[in-house]
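# quick one, what's the 3D model for this:
(one chain, ligands or ions: 2)
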Amino acid sequence: MASARDIPNAQGRAVSHSNFGMSPTSTPQSPTSSFAHASLASRTLEKQLKPFNKPDIKILLLENVNQSGRDLLTAQGYQVEALKTSLPEAELIEKIRDVHVIGIRSKTKLTEKVLREAKNLLVIGCFCIGTNQVDLSYAAKSGIAVFNSPFANSRSVAELVIAEIIVLARQLGDRSNEMHRGTWNKVSNKCWEIRGKTLGIVGYGHIGSQLSVLAEMMGMNVIYYDVVTLMAMGTAKQLPTLDDLLAEADFVTLHVPETPETKNMISSAQFEKMKTGSYLINASRGTVVDIPALIHAMRSGKVAGAAIDVFPHEPAANGDYFNSQLNSWGEDLRGLSNIILTPHIGGSTEEAQRAIGVEVGEALVRYINQGITIGSVNLPEITMRGLTLDEPNHARVIYIHRNVPGVLRKVNEILAEHNVDKQISDSRGDIAYLMADVSNVKTEHIKQISEELEAQSFNILTRVLY
Ligand SMILES: NC(=O)c1ccc[n+]([C@@H]2O[C@H](COP(=O)([O-])OP(=O)(O)OC[C@H]3O[C@@H](n4cnc5c(N)ncnc54)[C@H](O)[C@@H]3O)[C@@H](O)[C@H]2O)c1
Ligand SMILES: O=C(O)[C@H](O)COP(=O)(O)O
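Ligands and ions are numbered 1, 2, ... in the order given. This next block holds a predicted model:
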């Protein structure tokens, strides 16, 4: 018998969350059977709809989410716990069981294994661009919305890359280290201006295209490769293949997401195709570059310098030991000449973090308080003009369900006794999201509506705000 989870909604009443058909003692089910869980859910006999109380909403923020985001959520009256680091998996599982909202950055891995334990979770806020650290599909099938900040730190990354291009071209890291060690080493050999050099941008999205503009302003020629045909900024030129770009670029910079296709996108074969004496910059994801192959390419002189901001394995907290991936000869990136290693700081500026805190914080508030999914990366994007919950006998029904025939007919049958003021519905793949504002409903009706919706085989998550 599945026990219901009572989740307070933003307007003062109750939200019930199906537990995917799992009793507290049932064993986890396979990833492919998520819909089977949903169809077994909705037994909510223990559910109690209760007046909403914002302080009942529990939020866990990890990885030092900016104060702007923390303030915004605290001001709503939610319970906010903010930690500076990510958590080891076991601790994360322990903590996530209890919360309605989790805020993370790029390090916290919200896998199916972790999300399966998140019985009360309504929504995940990624206070960053990347969402590869979250199992988006499992989250959607579990009725958990995910939000991110798609471009608030793009400029910061683009500026970092511009700085790195010059630092690499002039070997500034090495000169500075030498001076710190007391060595005066004035050289011009293999130190270059960047004017007239070719920058090859792999992934011409928010970051890549901004970088394109900045690089041209400094006199560079820009070429780019992307899986999508994209409008060129300025006089940049899109090339048909990655190999074409590698053969032409003096600097190769990576701005693709982490996907199965981009894993080890730059490996031995790609280094072979690069110009001798060219440079590599990676501020995308650590998995995009094959680190042992990079070490080899740098030792052989094929690559004259590299700037690496992201790594396949990154420490959890400041002060933790950093050990870049060893190659088969027991070497690592540390200690190579003309290599800049930075601790994933591409988006780490005051401006970017403040903006991200506000953007994701506001998206979370809209979702918790009103069910609005605009900006969600895994659910259909739905909005509906303001709730009228201050008026008596009004409710907003939010129904996340499997995208199968017959749902609307059934939902409207359930709502038929009441006045549906507004209704909207949309789908994204297997998942659909329906929102309806209903008037002429009393508390006992709401309980009944909620239970009937949850009892449907296509139910994933039912929330009724009243
Ligand atoms: N170092 C940092 O701190 C930092 C900060 C922000 C973002 N990032 C990383 O940078 C990535 C890019 O950010 P963005 O905002 O520019 O993303 P974006 O989605 O705007 O652009 C990514 C581009 O890559 C292209 N692409 C996807 N797969 C590709 C492939 N296999 N080959 C070629 N092109 C491909 C897409 O078509 C898109 O144009 C993010 O996904 C994130 O992982 C890192
Ligand atoms: O995805 C991102 O926005 C970047 O990788 C930055 O991640 P961070 O917020 O963990 O620094």
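# phi first, then psi, for the most centrally placed residue in the chain.
The chain has T131 as the residue nearest its centroid, 2.3 Å off, counting by CA atoms, centre = their mean. Per-residue torsions, T131: phi -130, psi 10 (degrees, to the nearest 10).
# hmm, it is touching F147, no?
No. At 9.0 Å, T131 does not count as touching F147 under the criterion of CB atoms under 8 Å. (C-beta placed from N, C-alpha, C; glycine too.)
# joint contacts of these two?
Common neighbours of T131 and F147 (criterion: CB atoms under 8 Å, 6 or more residues apart in numbering): V377.
# any residues of the stretch 151-300 of the chain in contact with ligand 1? List them.
Selection of the stretch 151-300 of the chain residues close to ligand 1 by CB under 6 Å from any ligand atom yields 151, 153-154, 157, 202-208, 225-228, 255-259, 261-262, 283-285.
# got the buried residues for stretch 88-107?
Within stretch 88-107, the residues that qualify as buried by neighbour count (16 or more other CB atoms under 10 Å) are 92-93, 95-96, 99-107.
# in TSV, list these along with pLDDT.
Compiled in TSV, those are given as follows (pLDDT from 0 to 100):
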residue	pLDDT
L92	98
I93	98
K95	97
I96	96
V99	95
H100	94
V101	97
I102	98
G103	98
I104	98
R105	98
S106	96
K107	95
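# return only those of the residues you listed found close to ligand 2.
Residues shared between these and the neighbourhood of ligand 2 are R105, S106, K107 [CB under 6 Å from any ligand atom].
# pick the one among those closest to I374.
For these, the residue nearest I374 by CB to CB is R105; the value is 21.6 Å.
# show me what contacts that closest one?
R105 sits in contact with L62, E63, N64, V65, S86, C126, F127, C128, where contact means CB under 8 Å, 6+ apart.
# and the second one, helix, strand or coil?
Using DSSP: H, G, I helix; E, B strand; the rest coil, the three-state assignment for E63 comes out as coil.
# surely it meets K109?
No. The pair E63 and K109 fails to qualify as a contact (CB under 8 Å) at a distance of 11.6 Å.
# what about M179, neighbour count?
By other CB atoms under 10 Å, the residues close to M179 number 11.
# how about the residues of the protein by ligand 2?
Residues of the chain lying near ligand 2 by CB under 6 Å from any ligand atom: R105, S106, K107, C128, I129, G130, N153, H344, G346, G347, S348.
# any idea which element the nearest residue to N185 once chain neighbours are set aside lies in?
Distances taken as CB to CB, 6 or more residues apart in numbering place E178 nearest to N185, at 4.9 Å, with adjacent residues excluded. Using DSSP states H and E, E178 sits within helix 172-180.
# could you give the mean pLDDT of that helix?
For helix 172-180, mean pLDDT is 98.
# show the secondary-structure elements that it is packed against.
Of the remaining helices and strands, none touches helix 172-180 by 3 or more CB pairs under 8 Å, 6 or more residues apart in numbering; DSSP states H and E.
# export it to CSV, keeping only CA atoms.
The C-alpha trace of helix 172-180 is given here as CSV (Å, rounded to 0.1, in the frame of the first residue of the first chain):
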residue,chain,number,x,y,z
LEU,A,172,52.4,33.8,-19.3
GLY,A,173,51.7,31.0,-16.9
ASP,A,174,55.3,29.6,-17.3
ARG,A,175,56.9,33.0,-17.1
SER,A,176,55.0,33.9,-14.0
ASN,A,177,55.9,30.6,-12.3
GLU,A,178,59.5,31.1,-13.2
MET,A,179,59.6,34.5,-11.6
HIS,A,180,57.9,33.2,-8.5
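# which strands border whatever helix or strand comes next after it, and is each parallel or antiparallel?
Moving toward the C-terminus from helix 172-180, the next helix or strand (DSSP H and E) is strand 198-202. The strands beside strand 198-202 in its sheet (DSSP bridges) come out as strand 221-225 (parallel), strand 251-254 (parallel).
# give me the distance between the first one and the centre of its chain.
Pointing back at strand 221-225 there. Remark: strand 221-225 is offset 27 Å from the chain centroid, using CA atoms, centre = their mean, to the nearest Å.
# contacts for that strand, please.
Around strand 221-225, the neighbours that count as contacts under CB under 8 Å, 6+ apart are 196-204, 208, 212, 215-216, 230, 232-242, 244-245, 248-249.
# just the ones of the residues you listed in strands?
Cross-referencing the contacts of strand 221-225 against strands under DSSP state E gives T198, L199, G200, I201, V202, K237, Q238.
# now the residues you listed in JSON lines, with pLDDT and neighbour count?
As requested, the ones in strands among the contacts of strand 221-225 are exported to JSON lines (pLDDT from 0 to 100; neighbours: other CB atoms under 10 Å):
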{"residue": "T198", "pLDDT": "99", "neighbour count": "19"}
{"residue": "L199", "pLDDT": "99", "neighbour count": "28"}
{"residue": "G200", "pLDDT": "99", "neighbour count": "27"}
{"residue": "I201", "pLDDT": "99", "neighbour count": "30"}
{"residue": "V202", "pLDDT": "99", "neighbour count": "26"}
{"residue": "K237", "pLDDT": "98", "neighbour count": "13"}
{"residue": "Q238", "pLDDT": "98", "neighbour count": "18"}
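# returning to that earlier point: can you tell me which of the contacts of R105 are buried?
Taking 16+ other CB under 10 Å as the criterion, what is buried in those is L62, E63, N64, V65, S86, C126, F127, C128.
# if I look at the third one, how far off is G103?
I take that to be N64. 10 Å (CB to CB, to the nearest Å).
# just for the stretch 301-450 of the chain, where's the confidence low?
324-330, 388-389 (pLDDT under 70).
# let's see that with 80 instead.
For the stretch 301-450 of the chain, the stretches flagged by pLDDT under 80 are 324-331, 386-391.
# can you map out the helices along it?
With DSSP state H, counting those that start in this stretch as the criterion, the stretch 301-450 of the chain has helices at 350-370, 407-415, 443-454.
# looking at those helices, spot the one closest to I424.
Nearest of the helices of the stretch 301-450 of the chain to I424, taken as CB to CB: helix 407-415 at 11.2 Å.
# thinking again about what came up before, which of the contacts of strand 221-225 are buried?
If we count by 16+ other CB under 10 Å, the contacts of strand 221-225 have these buried: 197-204, 208, 212, 215-216, 233, 236, 238-239, 242, 245, 248-249.
# per-residue confidence at M1?
26.
# sorry, back to before: out of the contacts of R105, who's nearest ligand 2?
Nearest to ligand 2 among those is C128, at 3.2 Å by CB to the nearest ligand atom.
# make sure I have this right: the closest one is in a strand.
No. Under three-state DSSP, C128 sits outside any strand and is assigned coil.
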